[in-house]
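Coordinates for the following, if possible.
(2 chains)
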Amino acid sequence: MRPFSYAKRLTSDLDTWIAKDWVTEENAAHIRASLDGEETPSRLPIVITILGAVLIGFSIMAFVAANWAEMSKGLRLGLLAVTMLSTYGVAAYLHLRNQAGFAEAAIVIGIGVFGASIMLIGQMYHLPSDFSAGLLAWALGALVTAWAVQSRSALIATQLLLMGWTGYELFDGSLHLVYLLPWIAATGLAVRLDWTPAKHLALIGLFFWMFGNVPSLAEKIGMGPIEALVILSIIFVLLWVGGILMEHKGEVFGSAIQAYGALGAIVLFWIGQLIEEGLQGQGALYGLLAAIAIVPVVAFFTSRKIETIALTDIAAFSIFPIGLLIAGAPLGTENGELATAPLFVIAPLFLAICVWLIAFGTKLHNRFLINLGFAAFGAEALYLYLETFGSLLDTAAFFAIGGILLIVGGFVWEKLRRQAMARDQEVSS
Amino acid sequence: MNRNRILIGLTVAVLFQTGILVQMVWSQITLLNSPTEVVLQTTAVDPRDIFRGDYVILDYKISTIADGTIPIDKNLEPGKDVFVVLNTRGRYATALRILATLPATLTADEAVIRGTVNWTNENVRLTTDGDCGDCTILSISYPIDSYFVPEGTGIQLEAQRNANRLGVIVALNEDGDVAIKGLMMNDIKIYDTPLF
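Residues are numbered from 1 along each chain as shown, chains lettered A, B, ... in the order given. Below is the predicted model of the structure:
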């Protein structure tokens, strides 16, 4: 059943489209008829089934756990085996009956039973509380299931379990490079199935792992926070440029990659303002400059394929890591000693990048980039307001002037944003 | 996917998952069948941390060792394996020496248990234990840190353990791997861990 509001809106729109000769009377009648007659398959029964099955699964596990003293180990192991086998058996039966949605639900329960079995065997034999090893075993079981049956729900379960595993290891403060192996296997399946949610989760898993490893890695190789931010910034900008290329080639996921790249690059630049520790030395500087040089080179070759990318855009892409280098450069003083660049050097650069982001988003008709530019500009304005509070003017005057500026600024930004969006819509229509 | 592929896929998934579970059970059963069996004395730990739900956290006398009392290898690092040679004579097994590698030979009254170095604290002056003015204190964890008990009995065990009356019977193999076989209280076995 379609929602009433949708039907009402479509009926109203159809009248307008007929009046504008966009839709013929005949086609409109077909659309209205489909609205009345067509029943979209409801997901509600599947959702209810999944919830019910999850409850039954929990009930079995709780029963086994609660009766552990009365029930022999052999019986408990047998019960676990029967539960797991019957769950996958039901999945097979449902697949053969072409009930793919319900079969996916059964597979999820099977993976849940497998995880519960790991925990219960650990309990039965008093195994040490190795949470990380348990999560890895669970994730590998889910991964093999996902590949073997090409199951989307098993894939999502795998990705979440792998994130839990690496999160646990990273929380321990250790470098966790081995995560990449199962991540590649899971991401390979996400690409093979061409399923957008799994692709998003793959990227989120990668970023989660990257950000988690950076502190340990930086410490291991004697890298300071600014150097680490520069390297991450280069990776995100290259990802962004790669996303633009993918979108240009017609790959739908390219716009998502662009969004992740741009978001990561702007957030890292903003964090650079907060770091008080400077660059580690000249040796590090030359190495970073060499790495940064990759950005304009890649952007230049991209601009040869995509005409809309101009020289100013190539420069702007390079500003992200360069800005971080400037943030860590000894350009300021504190208590008579050299310190990192003061806010009045970095903030204008950040605001300029925000303005470029809005212009670039408009040029590419990318709403996400436009909104990101406005959001970053607003966040920076608020940050500057809070940072300078109490030191520039008397408190009362600062509140008054700052308030007026923010209100006027807000109106101007909103007007600019609407103009940009209107231009964007005009072009896309 | 066609029907055969689904059936084969699900069979592969079930076999793989069952394999993991069987390996978990089998490794423990093999260990529990080991002829070497010792009793380790537990020590009191912070009562706010020791009892969670239906299991008791176990800490052992051989978990904290000072180099003034027994010989300790110098090249021990936190996070690395450590091998504790045990004297199996007497009511409870006691630590004889701490090694960084598995000992090549053991006497008839000795067994070895593998642990992990938690931390080392150097240059500690001991006043109560041993004759050592410049000691290294070593903290070791063993993969036998919890014991699941029937609902409602944990608090009683906790009290016995805090009074140093609780012993843990463990099985050991020649590589120093360890598994809990049961609990003893005042020399009487109160819990056993059957294989099946």
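
Please name the nearest non-neighbouring residue to residue A:322.
Residue nearest to residue A:322 in three dimensions, not counting chain neighbours: residue A:292, with 6.2 Å by C-beta to C-beta, 6 or more residues apart in numbering or on different chains. All C-beta atoms are positioned from the backbone trio N, CA, C, and that covers glycine.

Kindly report the residues of chain A close to chain B.
Those residues of chain A that sit near chain B, judged by C-beta under 8 Å from any C-beta of the partner chain, are A:66, A:68-69, A:72-74, A:77, A:80-81, A:84-85, A:88, A:91-92, A:95-96, A:110, A:114, A:117-118, A:121-130, A:137, A:140-141, A:144-145, A:148-150.

filter those residues to the buried ones?
Using 16 or more other C-beta atoms under 10 Å in any protein chain shown as the burial test, those include A:68, A:73, A:77, A:80-81, A:84, A:88, A:91-92, A:95, A:110, A:114, A:117-118, A:121-128, A:137, A:140-141, A:144-145, A:148-150 as buried.

how near is the nearest residue to residue A:196 once chain neighbours are set aside to residue A:235?
Spatial nearest neighbour of residue A:196, excluding adjacent residues (C-beta to C-beta, 6+ apart): residue A:253 at 6.7 Å. Counting by C-beta to C-beta, to the nearest Å, the gap from residue A:253 to residue A:235 is 18 Å.

need the residues of chain B near chain A, please.
So chain B meets chain A at B:1, B:3, B:6-10, B:12-14, B:16-18, B:20-21, B:24-25, B:28, B:32, B:55, B:143-148, B:150-151, B:179-180, B:193-196 (C-beta under 8 Å from any C-beta).

wait, what's in contact with residue 58?
With no chain named, the answer covers chain A. By C-beta atoms under 8 Å, 6 or more residues apart in numbering or on different chains, the contact list for residue A:58 is empty.

my bad, chain B
Contacts of residue B:58 (C-beta under 8 Å, 6+ apart): B:42, B:144, B:145, B:146, B:147, B:161, B:168.

Equivalent analysis for residue A:408, please.
Per C-beta under 8 Å, 6+ apart, neighbours of residue A:408: none.

and stretch B:102-113, average pLDDT?
Throughout stretch B:102-113, pLDDT has a mean value of 90.

Centre of the chain to that stretch, how far?
16 Å (C-alpha atoms, centre = their mean, to the nearest Å).

Which positions within it qualify as buried?
B:106, B:110, B:111, B:112, B:113.

ok, of those residues, which one's closest to residue A:353?
Nearest to residue A:353, judged by C-beta to C-beta, of the buried residues of stretch B:102-113 is residue B:113 at 59.3 Å.

which stretch of helix or strand covers the closest one?
According to DSSP states H and E, residue B:113 maps onto strand B:110-124.

strands paired with that strand, and their directions?
The strands that strand B:110-124 pairs with in its sheet are strand B:81-87 (antiparallel), strand B:135-141 (antiparallel) (by DSSP bridges).

would JSON lines of those strands with mean pLDDT be doable?
JSON lines is the format used below for those (pLDDT from 0 to 100):
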{"stretch": "strand B:81-87", "mean pLDDT": "93"}
{"stretch": "strand B:135-141", "mean pLDDT": "82"}
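
wait, which of those strands is closest to residue A:21?
Comparing these by C-beta to C-beta, strand B:135-141 comes nearest, at 78.4 Å.

now could you export just the CA positions of that closest one as CSV?
Presented in CSV, the C-alpha positions along strand B:135-141 are these (Å, rounded to 0.1, in the frame of the first residue of the first chain):
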residue,chain,number,x,y,z
CYS,B,135,63.8,-5.8,42.8
THR,B,136,61.8,-6.2,39.6
ILE,B,137,58.2,-7.1,40.2
LEU,B,138,56.6,-9.1,37.4
SER,B,139,52.9,-9.4,36.7
ILE,B,140,51.8,-12.4,34.6
SER,B,141,48.4,-13.2,33.3
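
Any idea how far that strand is from the middle of the chain?
For strand B:135-141, the distance to the chain centre is 16 Å (C-alpha atoms, centre = their mean).

Not counting residues beside it along the chain, what's closest to residue B:29?
Nearest to residue B:29 is residue B:195, by C-beta to C-beta, 6+ apart, at 5.2 Å.

pretty sure that neighbour is in a strand, no?
No. Counting by DSSP: H, G, I helix; E, B strand; the rest coil, residue B:195 is not found in a strand; it is coil.

pLDDT value on it, please?
What the model reports as pLDDT for residue B:195 is 72.

Run through the strands of chain B in chain order.
B:36-41, B:51-52, B:55-57, B:64-66, B:81-87, B:94-99, B:110-124, B:135-141, B:146-148, B:166-172, B:178-185, B:188-192 (DSSP state E).

and the ones you listed, which one's lowest on average pLDDT?
strand B:51-52 (a mean of 36).

ok, the residue lying closest to residue B:89 once chain neighbours are set aside - contacts?
Counting by C-beta to C-beta, 6+ apart, the nearest residue to residue B:89 once its immediate chain neighbours are dropped is residue B:109, at 5.0 Å. Applying C-beta under 8 Å, 6+ apart to residue B:109 gives the contacts B:87, B:88, B:89.

What backbone torsions are found at the residue nearest the centre of chain A?
Geometric centre of chain A, nearest residue: residue A:204, 4.2 Å, by C-alpha atoms, centre = their mean. The phi and psi values for residue A:204, taken as degrees, to the nearest 10, are phi -60, psi -40.

name the element the closest residue to residue A:227 other than its chain neighbours belongs to?
Spatially, and ignoring its direct neighbours in sequence, residue A:227 is nearest to residue A:284 (5.5 Å; C-beta to C-beta, 6+ apart). Element membership for residue A:284, per DSSP H and E: helix A:282-292.

hmm, who's touching that helix?
By C-beta under 8 Å, 6+ apart, the surrounding residues in contact with helix A:282-292 are A:223, A:224, A:227, A:230, A:231, A:234, A:279, A:318, A:321, A:322, A:325.

quick one on the thing from earlier: of all the contacts of residue B:109, which comes closest to residue A:24?
Ranked by distance to residue A:24 (C-beta to C-beta), the contacts of residue B:109 are led by residue B:88 at 93.9 Å.

Need phi/psi at that closest one.
Torsion angles, degrees, to the nearest 10, at residue B:88: phi -90, psi 0.

same question, residue A:322
phi -60, psi -40.

Please give the number of neighbouring residues around the nearest residue to residue A:115 once chain neighbours are set aside.
Nearest non-adjacent residue to residue A:115, counting by C-beta to C-beta, 6+ apart: residue A:138, 4.4 Å away. Number of residues near residue A:138 (other C-beta atoms under 10 Å in any protein chain shown) recorded here: 26.

which residues touch the one helix or strand residue A:138 maps to?
Residue A:138 belongs to helix A:131-149 when elements are defined using DSSP H and E. Outside helix A:131-149, the residues that touch it by C-beta under 8 Å, 6+ apart are A:91, A:107, A:110-111, A:114-115, A:118-119, A:122, A:151, A:154-155, A:157-158, A:161-162, A:164-165, A:168-169, A:172, A:182, A:185-186, A:189, B:1, B:6, B:8-10, B:12-13, B:16-17, B:20, B:24.

change it to 6 Å
A:111, A:114-115, A:118, A:154-155, A:157-158, A:161-162, A:164-165, A:168-169, A:182, A:185, A:189, B:9-10, B:12-13, B:16-17, B:20 (C-beta atoms under 6 Å, 6 or more residues apart in numbering or on different chains).

Rounded mean pLDDT for that helix, please.
On average, helix A:131-149 scores 93.

Alpha carbons of that helix, in CSV - could you do that?
Below are the C-alpha coordinates for helix A:131-149, written out as CSV (Å, rounded to 0.1, in the frame of the first residue of the first chain):
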residue,chain,number,x,y,z
PHE,A,131,37.0,-11.1,23.1
SER,A,132,39.1,-10.1,20.0
ALA,A,133,39.7,-13.8,18.9
GLY,A,134,36.0,-14.5,19.4
LEU,A,135,35.0,-11.6,17.2
LEU,A,136,37.5,-12.6,14.5
ALA,A,137,36.2,-16.2,14.5
TRP,A,138,32.6,-15.0,14.3
ALA,A,139,33.5,-12.5,11.5
LEU,A,140,35.3,-15.2,9.5
GLY,A,141,32.3,-17.5,9.8
ALA,A,142,30.0,-14.7,8.6
LEU,A,143,32.4,-13.9,5.7
VAL,A,144,32.6,-17.4,4.4
THR,A,145,28.8,-17.6,4.6
ALA,A,146,28.5,-14.3,2.7
TRP,A,147,30.8,-15.4,-0.1
ALA,A,148,29.4,-18.9,-0.3
VAL,A,149,25.8,-17.9,-0.5
